[in-house]
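*Asks:* coordinates for the following, if possible.
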Amino acid sequence: MVGTGYPLEMLPMWQRVLMSVMVIGLAACAEPTPATAPAAAPGDAASTGAGNALALPTQFIAFGNEPFWSVRVDGQALHWSSPDNLDGVDFVARVEAMDNGRRYAGELEGAAVTLSISAGPCSDGMSDALHPWTARWQHQERLLQGCARPL
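*Replies:* Okay, here's the model as predicted:
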């Protein structure tokens, strides 16, 4: 329930979108904390690539604006959400090392999805905050750009 006394599902779409924008905006205002992940074990998918094991932890959030979207990552378990789907969807992804980050590949709503995370500063475009990684979310032939930061 929301402050209106109605379940979230009963609110008009514009109110749900506005609430999502406000929540994402508040999250973007928080100062990012530096990544302090422990070193990955040799042979771990996170330890391969160009030294990204210390930079990219196994738990983080990727997100983008216009349209708003987010993917919460916890190892191979991912949770995708957007203003159209506030509850979100859980799914499992295959983790692949890249030279400068990681790629998470799986299936969501019957279609292939890919989340690619690369090391490098990223501005979310709505705040002055710089995030440590760039994110690319591809779902149903739609490519969205964004940022990623530790949880």
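*Asks:* for stretch 110-122, which positions count as buried?
*Replies:* Val113, Thr114, Leu115, Ser116, Ile117, Ser118, Ala119, Cys122 (16 or more other CB atoms under 10 Å). (Glycine included, C-beta is placed from N, CA and C.)
*Asks:* same thing with stretch 67-77?
*Replies:* For stretch 67-77, by 16+ other CB under 10 Å, it's Phe68, Trp69, Ser70, Val71, Arg72, Val73.
*Asks:* quick one, what contacts Leu144?
*Replies:* With contacts defined as CB atoms under 8 Å, 6 or more residues apart in numbering, the neighbours of Leu144 are Gly64, Pro67, Trp69, Arg136, Trp137, Gln138.
*Asks:* can you tell me the element it falls in?
*Replies:* In the assignment (DSSP states H and E), Leu144 maps to strand 142-150.
*Asks:* that strand pairs with which strands, parallel or anti?
*Replies:* Note on strand 142-150: by DSSP bridges, its sheet partners are strand 59-64 (antiparallel), strand 130-139 (antiparallel).
*Asks:* quick check: which element contains Val71?
*Replies:* Here Val71 sits within strand 69-74, counting by DSSP H and E.
*Asks:* within its sheet, name the partner strands of that strand and how each one runs.
*Replies:* Here, using DSSP bridges, strand 69-74 pairs with strand 59-64 (antiparallel), strand 77-82 (antiparallel).
*Asks:* what's in contact with it?
*Replies:* 24, 58-64, 78-82, 104, 115, 135, 137, 144, 146, 151.
*Asks:* same check on stretch 101-114?
*Replies:* 45-46, 49, 52, 56, 71, 73, 76, 78, 80, 89, 91-96, 115-119, 133, 136-140.
*Asks:* make TSV from the strands paired with strand 69-74 and add mean pLDDT and distance to Ser127 to it.
*Replies:* Shown next, in TSV, are these (pLDDT from 0 to 100; distance: least, CB to CB, whole Å):
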stretch	mean pLDDT	distance to Ser127
strand 59-64	96	12
strand 77-82	95	19
